[in-house]
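> Predicted structure and sequence below. I'll ask about it afterward.
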Amino acid sequence: MEIDRAGLAASLRRRRELLQPEDVGLPRGQRRRTSGLRREEVAALCHMSTDYYARLERGRGPQPSEQMIASIAQGLHLSLDERDHLIRLAGHNPSVRGTAGEHVGPGLLRILDRLADTPAEIVTELGETLRQTPLGVALTGDTTRFTGPECSIGYRWFTLPATRALYAPQDHDLLSRMFTSGLRQVATLRGPDSRAAHYADLLLEHSEEFRRLWATHEVGVRPGQVKRFLHPEVGSLELNCQYFLDPDQSHHLVVCTASPGIHGPTPYL
């Protein structure tokens, strides 16, 4: 396929002009003259230079990779159909869709953008963090920084001892069972060639605790509504956690809130 530079440029400009700052969690400001987003704002959302993005809008520059277009689509809050259209305009065939995708739906992103005062994150079915609010980072650290299998909290739970330090010791046994149970269910659902099955094989090799729990064939262990954290600066925290599912991508939005006045110190987060 050949790149349609004019079509790609027009699509990018139109989407940028339609988006408002509040649509993507940005302040509007008092001196804004354009009704849509500025090019530099879109570039920041897409994690690229303003010059590179501006050249795409002008129909210039090198052909962007599929990965670069996917990043732009995420920054512009495009749906999967809109993302795939953009990829075709850039001269690529979109990858086959699947539940392991990292593209977060625009509806879920809009909700997350409005949770600036709440610890929240978007995770995959394997517990891989895709997005966090600033207070989510303050609560659990930046869990988007991990790579490979360590992206999954279930994998880190059995391989990185520091992962457990954030959670109350009395909950560790239940969490171990929950992560093992959840991985078994996803591996069975997605099949022996899935990333979940690969994670399970790695854990069977490296963790005696995981091998013991895996042998029980337990499924259906659910997290409690209340999570107990041991924050290194705040101390003990009990937060109510709600889960919202995007069925198209099997992503969960996890939102944590404190019940006023009954669970000890409130997060400074």
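Received, thanks.
> what about the residue nearest to Phe146 when sequence neighbours are not counted, distance to Glu40?
Nearest residue to Phe146, sequence neighbours excluded (Cβ to Cβ, 6 or more residues apart in numbering): Arg156, at 7.1 Å. In this view, the C-beta of every residue, glycine as well, is placed from N, C-alpha and C. Distance of Arg156 to Glu40, computed by Cβ to Cβ, to the nearest Å: 35 Å.
> same deal with Gln67?
Distance, Gln67 to Glu40, using Cβ to Cβ: 21 Å.
> still on that earlier bit, more neighbours: Arg156 and Glu40, which one.
The neighbour comparison of Arg156 against Glu40 (other Cβ atoms under 10 Å) goes to Arg156, with 19 against 13.
> what residues are up against that one?
By Cβ atoms under 8 Å, 6 or more residues apart in numbering, Arg156 lies in contact with Phe146, Glu150, Thr163.
> ok, how many other residues are close to the first one?
It refers to Phe146. By other Cβ under 10 Å, the residues close to Phe146 number 16.
> Could you do the last one as well?
The burial metric for Thr163, expressed as a neighbour count using other Cβ under 10 Å, is 19.
> next one: the second one
By other Cβ under 10 Å, 15 other residues sit near Glu150.
> what helix or strand is the nearest residue to it once chain neighbours are set aside on?
With sequence-adjacent residues excluded and distances taken as Cβ to Cβ, 6+ apart, Glu150 is closest to Arg156, at 5.5 Å. Element membership of Arg156 [criterion: DSSP states H and E] is helix 153-159.
> likewise Phe244?
Per DSSP H and E: Phe244 is located in strand 235-246.
> residue ranges with poor pLDDT in the protein?
Scanning the chain for pLDDT under 70 picks out the ranges 29-30, 32-34, 96-100, 259-269.
> what ranges do the strands span in it?
With strands called from DSSP state E, the chain shows them at 120-123, 129-132, 226-231, 235-246, 251-257.
> Show me what counts as buried in the last one.
Of the residues in strand 251-257, His251, His252, Leu253, Val254, Val255, Cys256 count as buried by neighbour count, 16 or more other Cβ atoms under 10 Å.
> Could you dump the residues you listed into CSV with distance to Glu82 added?
Below are the buried residues of strand 251-257 laid out as CSV (distance: Cβ to Cβ, whole Å):
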residue, distance to Glu82
His251, 17
His252, 22
Leu253, 20
Val254, 26
Val255, 26
Cys256, 31
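> list the contacts for Leu8?
If you count contacts by Cβ under 8 Å, 6+ apart, Leu8 has them with Leu56, Gly59, Leu86, Leu89, Ala90.
> whoops, His47 was the one
Contacts for His47 (Cβ under 8 Å, 6+ apart) come out as Ser71, Gly75.
> That one and Ala116, how far apart?
20 Å.
> how about the CA coordinates for stretch 6-18, as PDB?
Extracted in PDB, the C-alpha atoms of stretch 6-18 (Å, rounded to 0.1, in the frame of the first residue of the first chain):
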ATOM      1  CA  ALA A   6      -3.200  14.300   1.500                       C
ATOM      2  CA  GLY A   7      -5.800  12.000   3.100                       C
ATOM      3  CA  LEU A   8      -3.700  11.400   6.200                       C
ATOM      4  CA  ALA A   9      -3.000  15.100   6.600                       C
ATOM      5  CA  ALA A  10      -6.700  16.000   6.200                       C
ATOM      6  CA  SER A  11      -7.800  13.400   8.700                       C
ATOM      7  CA  LEU A  12      -5.200  14.500  11.300                       C
ATOM      8  CA  ARG A  13      -6.200  18.200  10.900                       C
ATOM      9  CA  ARG A  14      -9.900  17.400  11.100                       C
ATOM     10  CA  ARG A  15      -9.600  15.300  14.300                       C
ATOM     11  CA  ARG A  16      -7.400  17.900  16.000                       C
ATOM     12  CA  GLU A  17      -9.900  20.700  15.200                       C
ATOM     13  CA  LEU A  18     -12.700  18.600  16.600                       C
END
